[in-house]
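Engineer: Any chance you can model this:
(one chain, ligands or ions: 2)
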Amino acid sequence: MTIPSFVIGIAGGTGAGKTTVARLIAEGVGDSVTRIPLDNYYEDLSHLEFEEREQVNYDHPSAFEWELLREQVSTLLEGQPIEMPVYDFERHNRTDEPERVEPTDVIVLEGIFALYDEDLNDMLDLRLYVDTDADVRILRRIKRDVIERGRDLEGVIEQYLATVKPMHEQFVEPTKKHADLIIPEGANSVAVSLLEEKIRAEIDGDARRDWEREPLESPLVEELAADPDE
Ligand SMILES: Nc1ncnc2c1ncn2[C@@H]1O[C@H](COP(=O)(O)OP(=O)(O)O)[C@@H](O)[C@H]1O
Ligand SMILES: Nc1ccn([C@@H]2O[C@H](COP(=O)(O)O)[C@@H](O)[C@H]2O)c(=O)n1
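Structural biologist: Residues are numbered from 1 along each chain as shown. Ligands and ions are numbered 1, 2, ... in the order given. You can find the predicted model right below:
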């Protein structure tokens with residue numbers, strides 16, 4: 001059983017490069033890193049028709065199932081596996097098949113609202129905000145949504161102006177104040193390699209701390225542990 005020792009949150013606007021940063025870190029560090037995309041925790045909308053699901057405001061905090069996310073992150077932190085929902089952007093809904101996720105040393109929670117919820121913020125050891133200009137983000141998003149998420153140009157622009165931009169300004173951008181570090185433009189190689197270094201140090205440090213926790217038997221330790229008044 002692995003009890004995660006380091007939990008990172010990566011927030012930022014749509015198209016900022018959060019997923020790319022998280023993916024690069026996971027690839028660089030290896031199997032010790034588990035990625036939890038917040039998108040997987042969009043509410044289950046199976047009760048709605050496709051046309052109704054298309055109209056939902058996916059950039060408001062209420063679009064997410066926070067209770068399930070909190071519960072599953074806590075479960076991982078206790079060293080237990082979870083059945084993580086998997087999101088399908090083309091259907092605007094979860095798939096029928098959740099994915100089993102085993103806890104690892106490092107958990108990376110990534111999404112527009114990764115720094116939004118107070119309880120989750122308390123569970124994070126390192127809070128990152130990827131800060132990329134809005135024009136760059138929308139250009140990246142158009143390309144990605146058309147190629148990977150089954151959208152057309154008109155739809156992406158309409159959604160951006162109606163909900164994505166105003167919700168970003170109202171709810172996402174203000175979470176920057178919770179960040180420990182701000183990463184400009186996303187996947188810049190200096191930031192990614194510094195993060196990899198930090199994560200490796202945390203993993204190694206934890207291994208060392210485990211070793212150091214072994215009971216030490218020396219007169220000095222016993223002396224230090226003794227009640228000073230005795
Ligand atoms: N530093 C970068 N330079 C150029 N393109 C990038 C960069 N980071 C991400 N992208 C591209 O922009 C799109 C959005 O990036 P992604 O990581 O999915 O952003 P987010 O998760 O913040 O929405 C993707 O197609 C990705 O390949
Ligand atoms: N059915 C959905 C659900 C979400 N979105 C958009 O995804 C964005 C968040 O994901 P990023 O990878 O871009 O951070 C968010 O801005 C939603 O508008 C969607 O288009 N359709």
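Engineer: Please make it C-alpha for all contacts and neighbour counts, starting now.
Structural biologist: Fine.
Engineer: Show me what counts as buried in the one helix or strand E71 maps to.
Structural biologist: Per DSSP states H and E, E71 falls inside helix 66-77. Neighbour-count burial for helix 66-77, counted by 16 or more other C-alpha atoms under 10 Å, picks out 66, 69, 72-73, 76-77.
Engineer: how long is stretch 24-36 from one end to the other?
Structural biologist: 14 Å (C-alpha to C-alpha, to the nearest Å).
Engineer: what's in contact with that stretch?
Structural biologist: Here stretch 24-36 makes contact (C-alpha atoms under 8 Å, 6 or more residues apart in numbering) with 22-23, 101, 103-110, 187, 192, 195-196, 199-200.
Engineer: Just the buried ones from those?
Structural biologist: 22-23, 101, 103-110, 187, 192, 195-196, 199-200.
Engineer: Could you list which of those belong to strands?
Structural biologist: Among those, DSSP state E puts 101, 106-110 in strands.
Engineer: Of those, just say which sits nearest to ligand 2.
Structural biologist: E110 (8.2 Å; C-alpha to the nearest ligand atom).
Engineer: Contact residues of the protein facing ligand 1?
Structural biologist: 14-20, 140-141, 144, 185-188 (C-alpha under 6 Å from any ligand atom).
Engineer: Give me the buried subset of those residues.
Structural biologist: Applying 16+ other C-alpha under 10 Å to those, the neighbour count classes 14-19, 141, 185-187 as buried.
Engineer: Closest one of those residues to H168?
Structural biologist: Closest approach between those and H168, by C-alpha to C-alpha: T14, at 8.3 Å.
Engineer: I'd guessed that closest one sits against L139; true?
Structural biologist: No. Look at T14 against L139 with C-alpha atoms under 8 Å: they stay out of range, at 10.5 Å.
Engineer: how deep is M167 tucked in, by neighbour count?
Structural biologist: Applying other C-alpha atoms under 10 Å, we find 19 other residues in the vicinity of M167.
Engineer: The one 3 residues further on now?
Structural biologist: Q170 has 12 neighbours, counted by other C-alpha under 10 Å.
Engineer: and it, which of the three is it?
Structural biologist: Three-state call for Q170 (DSSP: H, G, I helix; E, B strand; the rest coil): helix.
Engineer: My guess is A191 contacts E185. True?
Structural biologist: No. Counting by C-alpha under 8 Å, A191 sits too far from E185 to count as a contact (10.0 Å).
Engineer: quick revisit: among the buried ones among the residues of the chain next to ligand 1, which are in reach of ligand 2?
Structural biologist: Near ligand 2, by the rule C-alpha under 6 Å from any ligand atom, you find 14-15 out of those.
Engineer: Just name the closest of the buried ones among the residues of the chain next to ligand 1 to ligand 2, please.
Structural biologist: Proximity of those to ligand 2 (C-alpha to the nearest ligand atom) peaks at T14, which lies at 3.7 Å.
Engineer: can you pull the contacts of that closest one?
Structural biologist: 112, 137-138, 141.
Engineer: At which residues are the strands of this protein located?
Structural biologist: 6-12, 33-37, 82-84, 87-88, 93-94, 99-101, 106-110, 126-131, 181-184.
Engineer: In CSV: these, plus distance to Y116 and mean pLDDT.
Structural biologist: Formatted as CSV, the strands of the chain follow (distance: least, C-alpha to C-alpha, whole Å; pLDDT from 0 to 100):
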stretch, distance to Y116, mean pLDDT
strand 6-12, 9, 97
strand 33-37, 14, 97
strand 82-84, 20, 98
strand 87-88, 20, 98
strand 93-94, 22, 97
strand 99-101, 23, 98
strand 106-110, 11, 97
strand 126-131, 11, 97
strand 181-184, 15, 95
